[in-house]
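Undergrad: coordinates for the following, if possible.
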Amino acid sequence: MKLVLSRPLVFFDLETTGINIATDRIVELSYYKLFPNGSSESKTYRVKPTEMILGVEQQKHIPQEVSAVHGIYDEDVANCPTFKQIASDVAKVLEGCDLAGYNSNHFDLPLLAEEFARTEVAIDLKRMKMVDVFTIFTKNEPRNLTAAYKFYCGKDLSDAHSACADTMATYEVLMAQMERYDIPTTVNELSEYTSGSQKYADFAGRIVLDNEGVECFNFGKYKGERVIDIFRRDKGYYGWLTNGDFPEYTKRVFTRIFLDLQK
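TA: I've put the predicted structure just below:
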C-alpha cells in the first residue's frame, strides 16, 4: 500500500534534556523529509540547550540519567548551535509540509512548539497535519518503538534513542503499518486517525475546543468552561496563568484570547 502525499511529509524525532515540555530543551533533532514525487532528504542537528539564569543565557545541563538514555552529554553539544541559531533553517524545512513522529502529538510537537516560541522565527505548526505513528501502534499493537520495529519490520532497532535511528524507524514502521492494517493512506486522514476526537488549541493539551470550536480550560477549577467567559468574570485568573508554570505556547493562546476580549 502506498502513502498518498499532497505535500511533503517530515518524519522527525527529538532528543532532549528531559520530559518537561515547558522547561526542557532539544539536544538533537533529526528529520526525514519525504516528497510527493518519492524523493527524500534527511538531516540531524546537534543542539546546545540553553536557559536564562538571572537574565543571562547559559548552557542547560543534561542530567546524567537522561544522557544515559540517549548518549548525549554536555560536552557533546557545548560547541553546537543553539536552537535559536538553527530555528530559521528548521522552519524552512517544515514550511509547506505535514509532520509525522512517534508519540509526537504528546511530546515532540509540543516541545518543538515551545522552542520556536522562544525565538523570533514565525512558524504556525497548527497549520500542519500531524501523523502520530505511536497512536496507530497503540490502537493495534500496544508496545514501544523498539518492539514496534521488531514486530512490523522484523529487525532489531540498533541505536535506539538516537534521534536519527528513531526517525528512520518511525518511517519504516508507518510503511509497514500501512501494509498490515486497513488504515488511511492520505496525511489528512492519518492525522485525524491518530489525533482522536478531542481537538486542542495548544500543544500541551491544556486548552480544548468545544463543539463550536471555542477554547475551554482542560485543567483546574474552571475545567470545561470557556476561557473567554472566565476572563470576563475573573480577570485576575489571566494574570495567574501568565505567571504560572505553563508552556509558553499555551500562554500565548491565553494572551490572544485575553487581548481579543479587550477589543
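
Undergrad: need the strands for the protein, in chain order.
TA: 9-16, 26-34, 40-46, 50-53, 56-59, 98-101, 130-132, 207-209, 215-217 (DSSP state E).

Undergrad: now the last one: mean pLDDT?
TA: So that's strand 215-217. Mean pLDDT, computed over strand 215-217, is 97.

Undergrad: one more: stretch 256-263?
TA: 90.

Undergrad: what sits up against it?
TA: Residues outside stretch 256-263 that contact it (Cβ atoms under 8 Å, 6 or more residues apart in numbering): Glu215, Val227, Ile228, Phe231, Arg232, Tyr238. The way it works is simple: take the backbone N, C-alpha and C, and place the C-beta from them, glycine included.

Undergrad: please repeat the previous calculation with a cut-off of 10 Å.
TA: Outside stretch 256-263, the residues that touch it by Cβ atoms under 10 Å, 6 or more residues apart in numbering are 201, 207, 214-215, 226-232, 235, 237-239, 241-242.

Undergrad: same check, this time on stretch 75-90
TA: The contact list for stretch 75-90 (Cβ under 10 Å, 6+ apart) reads 10, 12, 17, 25-29, 31, 43, 45-50, 57, 59-60, 62, 67, 72, 93, 112, 114-116, 118-123.

Undergrad: whichever of the residues you listed end up buried, select them in PyMOL.
TA: Entered in PyMOL, the line below selects the buried ones among the contacts of stretch 75-90, by 16 or more other Cβ atoms under 10 Å:
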select buried, resi 10+12+17+25+26+27+28+29+31+45+46+47+48+49+50+60+62+67+72+93+112+114+115+116+118+119+121+123
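
Undergrad: buried ones among the contacts of stretch 256-263?
TA: By neighbour count, with 16+ other Cβ under 10 Å, these hold Ala201, Ile207, Glu215, Arg226, Val227, Ile230, Phe231, Tyr237, Tyr238, Leu241 as buried.

Undergrad: which two of the residues you listed have the greatest separation?
TA: Ala201 and Tyr237 (16.5 Å; Cβ to Cβ).

Undergrad: for Phe83, give its distance to Glu28.
TA: As defined by Cβ to Cβ, to the nearest Å, Phe83 lies at a distance of 11 Å from Glu28.

Undergrad: same check, this time on His70
TA: Separation of His70 from Glu28 (Cβ to Cβ): 7 Å.

Undergrad: need the residues touching each of these two.
TA: Leu14, Glu15, Thr16, His161, Ser162, Ala163, Asp166.

Undergrad: lowest-confidence one in those residues?
TA: Lowest confidence among those: His161, with 81.

Undergrad: list the contacts of that one.
TA: Asp13, Glu15, Glu28, Val66, Ala68, Val69, His70, Gly71, Ile72, Leu145, Thr146.

Undergrad: for the residue nearest to Gly18 when sequence neighbours are not counted, grab the count of nearby residues.
TA: Spatial nearest neighbour of Gly18, chain neighbours left out: Asp24 (4.0 Å); criterion: Cβ to Cβ, 6 or more residues apart in numbering. By other Cβ atoms under 10 Å, the residues close to Asp24 number 22.

Undergrad: mind listing what the residue nearest to Asn140 when sequence neighbours are not counted touches?
TA: The spatially closest residue to Asn140, leaving aside those adjacent along the chain, is Tyr181, at 6.0 Å (Cβ to Cβ, 6+ apart). Going by Cβ under 10 Å, 6+ apart, Tyr181 touches Met1, Ile136, Lys139, Asn140, Glu141, Tyr152.

Undergrad: who are the contact partners of the residue nearest to the second one when sequence neighbours are not counted?
TA: Right, the one you point to is Ile136. Of all residues not flanking Ile136 in the chain, Gln177 sits nearest, at 5.3 Å (Cβ to Cβ, 6+ apart). Shown in contact with Gln177 (Cβ under 10 Å, 6+ apart): Met1, Val133, Ile136, Phe137, Lys139, Asn140, Glu141, Ala148, Phe151, Tyr152, Ile183, Leu190.

Undergrad: distance check, the second one against Leu14.
TA: The reference is to Val133. Going from Val133 to Leu14 by Cβ to Cβ gives 15 Å.

Undergrad: so where is the stretch 1-150 of the chain shaky, pLDDT-wise?
TA: For the stretch 1-150 of the chain, the stretches flagged by pLDDT under 70 are 142.
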